[in-house]
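Enquirer: One predicted model, sequence on top.
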Amino acid sequence: MTRRGILAAGLGSLTLGSLAAACSPLGMLNTLGPRDRGVGRVARDLAYGDDPRQRFDLYGPKWAPGDPTLPVIVFFYGGGWDSGSRTLYGWAAQALAAKGFLVALPDYRVVPQVVFPAFIEDAAQATAKVAEVAGRYGGDPARLGVAGHSAGAHLAMMIALDRRYMAAVDQPNLIRAAAGLAGPYEFLPLDVPASINAFGRAPDPTLTQPVTFVRADAPPLWLGHGTADTVVHDEDTVILNDRMHAVGGRSEAKLYPGLNHADLIATFSPLFRKKAPVLDDVAAFFHRELG
């Protein structure tokens, strides 16, 4: 079987199962898949806290003083809030970087080490630290957006919509735009192990849901979902988009026919890019909103 066939077989098995099971095989693209050229990892293991998982890498072109600065994207990978590693998602960050961004790829603490809201607090803390150091690597912190896939999309939307998280790191207005891919945004009642373990101790479960915090003055949102996603159904994207519109917020949603949960992020890879223009759509959104 060819390398493409091996990857397609592995990703084709991701139509069922938990968020964690769905996301982890995407790491195969990190070792077997081709990478976009002209960009790469420009910094690694930058700390935003004391815990070993509170680290991030940066992807972009080599930069020297005097070169143009780039808009910044902080990308959060998925894993059901209980797994994942930035070492498996460099290919996705590199794909975004090749579209003209400085891209930060953070780790964050996960279950069982922590539960809600610690991983969201990590997302906010990482985003603030990225803004602090972006200028050293060619990024413009005044043009910063956040994005994520699956559980990572949940993190991105929570820190973009719930004011408390970025206010807690003294950056209430830092996030200028947010994109979510196959994200869980309205998943009450908690009825699967991943969400129960991550959010089951929350005194008020509604505070775990991005849809709770829709507001007219939120950063503009882009929401993408595959219509064949059986892990996180596309109705989550439709609901969040509709509720943003209902309060006068800026949001756009795009549903990709036939794509499942893993497909949506796998299309960032050159191997699967022809399946759907997800990467181009995300990049166009951020260039439009961040300049």
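Expert: Sure, I can see it. Numbers count the residues shown, from 1 in each chain.
Enquirer: For the closest residue to residue 110 other than its chain neighbours, give me its contacts.
Expert: Across the structure, with CB to CB, 6 or more residues apart in numbering as the measure, the residue nearest residue 110 apart from its sequence neighbours is residue 82 (5.0 Å). C-betas here are computed from N, CA, C, even on glycine. Residues near residue 82 by CB atoms under 8 Å, 6 or more residues apart in numbering: 20, 110, 111, 112, 194, 197, 198.
Enquirer: most neighbours, which of those?
Expert: By neighbour count, taken as other CB atoms under 10 Å, the most surrounded of the contacts of residue 82 turns out to be residue 198 (26 neighbours).
Enquirer: what about the residue nearest to that one when sequence neighbours are not counted, distance to residue 197?
Expert: The spatially closest residue to residue 198, leaving aside those adjacent along the chain, is residue 81, at 4.0 Å (CB to CB, 6+ apart). To residue 197, residue 81 is 8 Å away according to CB to CB, to the nearest Å.
Enquirer: right, and residue 178 touches residue 221 too?
Expert: Yes. Using CB atoms under 8 Å, residue 178 and residue 221 qualify as a contacting pair, with a distance of 5.4 Å.
Enquirer: overlap in contacts of the two?
Expert: Once CB under 8 Å, 6+ apart is applied, the residues that residue 178 and residue 221 both contact turn out to be 157, 160.
Enquirer: Return every residue with contacts to both of residue 81 and residue 197.
Expert: Common neighbours of residue 81 and residue 197 are listed as residue 111 (criterion: CB under 8 Å, 6+ apart).
Enquirer: What residues does the closest residue to residue 220 other than its chain neighbours make contact with?
Expert: Counting by CB to CB, 6+ apart, residue 220 lies nearest to residue 250, which is 4.0 Å off, once chain neighbours are set aside. Taking CB under 8 Å, 6+ apart, we find residue 250 in contact with 218, 219, 220, 221, 244.
Enquirer: Relative to residue 221, how far out is residue 250?
Expert: Taking CB to CB as the measure, residue 250 falls 7 Å from residue 221.
Enquirer: Helix, strand, or coil at residue 58?
Expert: For residue 58, the secondary structure call by DSSP: H, G, I helix; E, B strand; the rest coil comes out as strand.
Enquirer: I misspoke; the intended subject was residue 84.
Expert: Applying three-state DSSP: residue 84 is coil.
Enquirer: ditto for the one 3 residues further on
Expert: Remark: residue 87 carries the secondary structure label helix [criterion: three-state DSSP].
Enquirer: can you dump the C-alpha coordinates of the strand ranked longest in the chain into PDB?
Expert: Scanning the chain for the strand with the most residues, using DSSP state E, yields strand 139-149. In PDB, the C-alpha atoms belonging to strand 139-149 read as follows (Å, rounded to 0.1, in the frame of the first residue of the first chain):
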ATOM      1  CA  GLY A 139       4.300  38.300  14.100                       C
ATOM      2  CA  ASP A 140       2.000  41.300  14.800                       C
ATOM      3  CA  PRO A 141       0.200  40.800  18.100                       C
ATOM      4  CA  ALA A 142      -2.300  43.500  17.200                       C
ATOM      5  CA  ARG A 143      -3.600  41.100  14.500                       C
ATOM      6  CA  LEU A 144      -4.100  37.900  16.400                       C
ATOM      7  CA  GLY A 145      -6.800  35.200  16.000                       C
ATOM      8  CA  VAL A 146      -7.400  31.800  17.500                       C
ATOM      9  CA  ALA A 147      -8.500  28.600  15.900                       C
ATOM     10  CA  GLY A 148      -8.900  25.000  16.800                       C
ATOM     11  CA  HIS A 149     -10.300  21.600  15.700                       C
END
